[in-house]
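Asks: need coordinates for the below:
(chains A and B)
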Amino acid sequence: DTEVTQTPKHLVMGMTNKKSLKCEQHMGHRAMYWYKQKAKKPPELMFVYSYEKLSINESVPSRFSPECPNSSLLNLHLHALQPEDSALYLCASSQDRTSGAASDNEQFFGPGTRLTVL
Amino acid sequence: RKEVEQDPGPFNVPEGATVAFNCTYSNSASQSFFWYRQDCRKEPKLLMSVYSSGNEDGRFTAQLNRASQYISLLIRDSKLSDSATYLCVVNRGATNKLIFGTGTLLAVQP
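Replies: As a prediction, the model looks like this:
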């Protein structure tokens, strides 16, 4: 059973809609991530939050807006998306220590939100 | 050159077979190494972290060769339930940014 939850599981939206994806983790992790995954491709990192502050933005278009209200919650606000943004959006969390130990970098994924943009 | 490279497969093996996956990475500053498993239309799940001394978890054995920048995963006595895509994952330097290989598809046949 995953300890990272995501809602909704599926989302269909038009290009003019505004919607939000939600993620919650209960492992006391201080780093949280958003990934985008297209079919038959590996996950691509979008954003990293470390101690509730945005630490990495992988040049993601501004129509995707992340938010970290507290250490357990991560949101991704969507506005004016394009059909090519249709994908599986994955949230993950991890400890946030760069000790070099593998266990500090283990990321645990939620089940994802499957997004379709019409 | 991709930062993490894997043979995409597919690997089609009979039940009970031993199968090995290989992976190479280009960033010598990488410090953490993992194998994830991803079932169709599901999220990646951590299979095991890979340590310099090599590590084993039941039927699964992972090896790391830092000099050659090479990681391997050995699965013994394959089960039908092992069918999935296996992702080789490396962190970028001393960061928490993970770089995923393209994955190797394994199909275990009855």
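Asks: who's residue 20 bridged to?
Replies: Going with chain A. residue A:77 (DSSP bridges).
Asks: sorry, I should have been clearer: chain B.
Replies: residue B:74.
Asks: how close does it sit to residue A:41?
Replies: 24 Å (CB to CB, to the nearest Å). Glycine gets a C-beta too; all of them are placed from N, C-alpha and C.
Asks: how about residue A:24?
Replies: 26 Å.
Asks: more neighbours: these two, which one.
Replies: residue A:24 (18 against 13; other CB atoms under 10 Å in any protein chain shown).
Asks: looking at it, that one is touching residue A:73, isn't it?
Replies: Yes. With contacts counted by CB atoms under 8 Å, residue A:24 reaches residue A:73, the gap being 5.5 Å.
Asks: chain neighbours aside, what residue packs nearest to residue 25?
Replies: The chain I'm using is chain A. residue A:93 (4.1 Å; CB to CB, 6 or more residues apart in numbering or on different chains).
Asks: my bad, the chain I had in mind was chain B
Replies: Going by CB to CB, 6+ apart, residue B:25 has residue B:90 as its nearest residue, at 4.6 Å.
Asks: tell me the first helix or strand C-terminal of the worst-scoring helix or strand of chain A on mean pLDDT.
Replies: Least confident helix or strand, chain A: helix A:102-105 with a mean of 70, by mean pLDDT, DSSP states H and E. Following helix A:102-105 in sequence order, the next helix or strand is strand A:108-109 (DSSP states H and E).
Asks: tell me which strands and helices that following strand is in contact with?
Replies: For strand A:108-109, the contact count by 3 or more CB pairs under 8 Å, 6 or more residues apart in numbering or on different chains; DSSP states H and E identifies strand A:87-94, strand B:44-50 as packing neighbours.
Asks: re earlier: now do the contacts for the residue nearest to residue B:25.
Replies: B:3, B:4, B:25, B:27, B:30, B:32, B:33, B:34, B:71, B:98, B:99 (CB atoms under 8 Å, 6 or more residues apart in numbering or on different chains).
Asks: check residue A:78 too.
Replies: Shown in contact with residue A:78 (CB under 8 Å, 6+ apart): A:13, A:17, A:18, A:19, A:20, A:21, A:63, A:64, A:65, A:85, A:115.
Asks: quick check: chain neighbours aside, which residue is closest to residue A:13?
Replies: residue A:19 (5.2 Å).
Asks: most neighbours out of the contacts of residue A:78, which is it?
Replies: residue A:21 (23 neighbours).
Asks: who does residue B:6 form a beta bridge with?
Replies: The partner residues for residue B:6, given DSSP bridges, come to residue B:23.
Asks: next, count neighbours for it.
Replies: Applying other CB under 10 Å, I find that residue B:6 has 23 neighbouring residues.
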